[in-house]
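Participant: Predicted structure and sequence below. I'll ask about it afterward.
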Amino acid sequence: MENQDIQEMEKRKMRIVDTDGSTEEVEVILAFEFKDTKKEYVVYTKNEKDENDNVTVYVSNVDYSAGDPRLMGVDGEEEWNRIKDVLRKLSKTE
């Protein structure tokens, strides 16, 4: 196999508009869909750090039913467990 240069992936940004109209730019870490439920999710960060110096990440369900995409909460423990499994697999590959 040939030696290939690995280029850093360009950071993807997303602008979030809050219900009060304020906007915030965040960095997208991952976007994925569960094929069986057709639900899409986005994992993003505001590059905030907690007391242990870990970067805080957020996960939202992306809802397109109103036309423009809206970030919604995650429904229930089973859905959270599936999302955590995706995140665990991602962290093991890096």
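Facilitator: Received the coordinates, thanks.

Participant: Where do the helices of the chain begin and end?
Facilitator: 76-93 (DSSP state H).

Participant: where along it do the strands fall?
Facilitator: 12-17, 23-34, 39-49, 55-63, 70-72 (DSSP state E).

Participant: Report the angle between the longest one and strand 39-49.
Facilitator: Right, the one you point to is strand 23-34. Our comparison of strand 23-34 with strand 39-49, counting by axes from the mean of the first three to the mean of the last three CA atoms, to 10 degrees, yields an angle of 140 degrees.

Participant: now strand 23-34, how far from the chain's geometric center?
Facilitator: Relative to the centre of its chain, strand 23-34 is centred 4 Å away, using CA atoms, centre = their mean, to the nearest Å.

Participant: So for that strand, could I get the coordinates as CSV, restricted to C-alpha?
Facilitator: Output of strand 23-34 as CSV, limited to C-alpha atoms (Å, rounded to 0.1, in the frame of the first residue of the first chain):
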residue,chain,number,x,y,z
THR,A,23,-27.6,32.9,16.9
GLU,A,24,-24.6,30.9,17.8
GLU,A,25,-22.0,29.2,15.6
VAL,A,26,-21.0,25.7,16.7
GLU,A,27,-18.6,23.1,15.4
VAL,A,28,-20.2,19.9,14.0
ILE,A,29,-18.4,16.7,15.1
LEU,A,30,-20.6,14.1,13.5
ALA,A,31,-23.9,13.8,11.7
PHE,A,32,-25.6,10.4,11.3
GLU,A,33,-28.9,8.6,10.7
PHE,A,34,-30.4,5.5,12.1
